[in-house]
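Undergrad: predicted structure and sequence below. I'll ask about it afterward.
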Amino acid sequence: MFAASVQAVVTFAQVVVTFIRAIVTSIRAIVTSIRAIVTSVEVVVSNGEAVVTNGKAFVKCDRPEASTATRHKALSNNESNPA
């Protein structure tokens, strides 16, 4: 009788563990789906500075001549003041 009750408890514990594993697998699948959705979303902020495309952010500049001048200034500063 004692062995039968121990076997029942062990079987119940196995069922519980299997159920918990199924829940964890489902949660992982949901997280993977959410990551795929977030990665595929492209967000563009109009008239702003931040542009996010496929999870990569970069700075959008409406005046390319200003950024070019800034780059040249940074290059000349680096040449005169090497790190």
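TA: Thanks, I have it.

Undergrad: hang on, Ser5 is in a helix, isn't it?
TA: Yes - assessed by DSSP: H, G, I helix; E, B strand; the rest coil, Ser5 belongs to a helix.

Undergrad: give me the pLDDT value at it.
TA: The score at Ser5 is 92. That number is its pLDDT.

Undergrad: how many residues are close by it?
TA: 9 (other Cβ atoms under 10 Å). In short, each C-beta sits where N, CA and C put it, glycine included.

Undergrad: any idea how far Arg35 is from it?
TA: 45 Å (Cβ to Cβ, to the nearest Å).

Undergrad: tell me which other helices or strands the one helix or strand Arg35 maps to touches.
TA: Here Arg35 sits within helix 2-40, counting by DSSP states H and E. For helix 2-40, not one helix or strand is in contact under the criterion 3 or more Cβ pairs under 8 Å, 6 or more residues apart in numbering; DSSP states H and E.

Undergrad: which stretches of this structure aren't confidently modelled?
TA: Flagging of the chain using pLDDT under 70 yields the residue ranges 39-83.

Undergrad: domains in it, by residue range?
TA: 1-41, 42-83 (automatic domain parsing).

Undergrad: what's stretch 10-29 in contact with?
TA: Residues from elsewhere that reach stretch 10-29, judged by Cβ atoms under 8 Å, 6 or more residues apart in numbering: none at all.

Undergrad: okay, buried residues for that stretch please.
TA: Judged by neighbour count (16 or more other Cβ atoms under 10 Å), stretch 10-29 contains no buried residues.

Undergrad: could I have that stretch exported to PDB, CA atoms only?
TA: Written as PDB, here are the backbone C-alpha positions of stretch 10-29 (Å, rounded to 0.1, in the frame of the first residue of the first chain):
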ATOM      1  CA  VAL A  10       5.900  10.400  -8.000                       C
ATOM      2  CA  THR A  11       3.500  10.200 -11.000                       C
ATOM      3  CA  PHE A  12       1.800  13.300  -9.900                       C
ATOM      4  CA  ALA A  13       5.100  15.100  -9.500                       C
ATOM      5  CA  GLN A  14       6.100  14.100 -13.000                       C
ATOM      6  CA  VAL A  15       2.800  15.400 -14.400                       C
ATOM      7  CA  VAL A  16       3.300  18.700 -12.600                       C
ATOM      8  CA  VAL A  17       6.900  19.000 -13.900                       C
ATOM      9  CA  THR A  18       5.700  18.300 -17.500                       C
ATOM     10  CA  PHE A  19       3.000  20.900 -17.100                       C
ATOM     11  CA  ILE A  20       5.500  23.500 -15.900                       C
ATOM     12  CA  ARG A  21       7.800  22.700 -18.800                       C
ATOM     13  CA  ALA A  22       4.900  23.200 -21.200                       C
ATOM     14  CA  ILE A  23       4.200  26.600 -19.700                       C
ATOM     15  CA  VAL A  24       7.900  27.600 -19.900                       C
ATOM     16  CA  THR A  25       8.000  26.500 -23.500                       C
ATOM     17  CA  SER A  26       4.900  28.600 -24.300                       C
ATOM     18  CA  ILE A  27       6.300  31.600 -22.600                       C
ATOM     19  CA  ARG A  28       9.600  31.300 -24.600                       C
ATOM     20  CA  ALA A  29       7.500  31.000 -27.800                       C
END
